[in-house]
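J.: structure of the sequence below:
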Amino acid sequence: MAVNEYREPETHKITQALQDYRDQPDLLNERLFPLVYSAMKRIARRQMRGERSAVTLQPTVLVNEAYIRLVRSKPDWQNRAHFLACASNAMRQILIEHARRRKAQRRGGGAEHVILDDIAQDGGLPVEYVLTLHAAMTRLHAIDPTKAKIVHLKVFGGLTMEEIAHVMRLGLTSTKEHYRLARAWLRRELSQ
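T.: Sure thing, here's the model as predicted:
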């Protein structure tokens, strides 16, 4: 079964549940969470893959905390890709907070540098590197918010270029070019 064949029914069900949620908030926990749980768990595993030290934060905890934050924020999610982009952002913030707490607990512990290609290729983001990448992403956002959001959706959210183009309301070619330039900029920043 092709990836698109797998995602199409899932995409439709999630988008429908999100539309239903707008009109009937009581459906949120009844229909939405079971539909998005597996997708959120994939994002959590992707973000946590490659962790080299003992991790106190588990993917299930990350998913649950992110979902609670999403529900409390009550944004107007448009579709599956938009929801997962928000979910990946919430997870990223949780991992940043977790990394900061861990760093504060270690005396003299500093974040290591990481190359963006390693993250994208490996499909995961070691928690130890979150602060370093977060600082670089903050600098990129100050320079070019569009490029920063595209990188975030790709690296942290695991969205495809087509999904990113849809969320960002850009053409696919433009999205790929933004990502290529952002990767080059981050590679240079992170290698210093």
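J.: averaged pLDDT, stretch 12-27. What do you get?
T.: Confidence for stretch 12-27, expressed as mean pLDDT, is 74.
J.: buried residues of that stretch, list them for me.
T.: By neighbour count with 16 or more other Cβ atoms under 10 Å, stretch 12-27 contains the buried residues 13, 14, 15, 17, 18, 20, 21. (Glycine included, C-beta is placed from N, CA and C.)
J.: which among those gets closest to residue 99?
T.: For the buried residues of stretch 12-27, the residue nearest residue 99 by Cβ to Cβ is residue 14; the value is 29.1 Å.
J.: how about the contacts made by the closest residue to the closest one other than its chain neighbours?
T.: With sequence-adjacent residues excluded and distances taken as Cβ to Cβ, 6 or more residues apart in numbering, residue 14 is closest to residue 80, at 4.0 Å. Under the criterion of Cβ atoms under 8 Å, 6 or more residues apart in numbering, the neighbours of residue 80 are 10, 11, 14, 15, 18, 39.
J.: mind checking which of these are in helices?
T.: Taking DSSP state H, the ones among the contacts of residue 80 that sit in helices are 10, 11, 14, 15, 18, 39.
J.: tell me the contacts of the first one?
T.: Okay, so that is residue 10. By Cβ under 8 Å, 6+ apart, the contact list for residue 10 reads 35, 39, 80.
J.: ok, now the fourth one?
T.: Residues in contact with residue 15 (Cβ under 8 Å, 6+ apart) are 79, 80.
J.: what's the spacing between it and residue 31?
T.: Applying Cβ to Cβ, to the nearest Å, the value for residue 15 to residue 31 is 12 Å.
J.: for the one helix or strand residue 162 maps to, packing partners?
T.: Residue 162 belongs to helix 161-168 when assigned by DSSP states H and E. Judged by 3 or more Cβ pairs under 8 Å, 6 or more residues apart in numbering; DSSP states H and E, the packing partners of helix 161-168 are helix 80-105, helix 145-151, helix 172-191.
J.: fine by me, we can end here.
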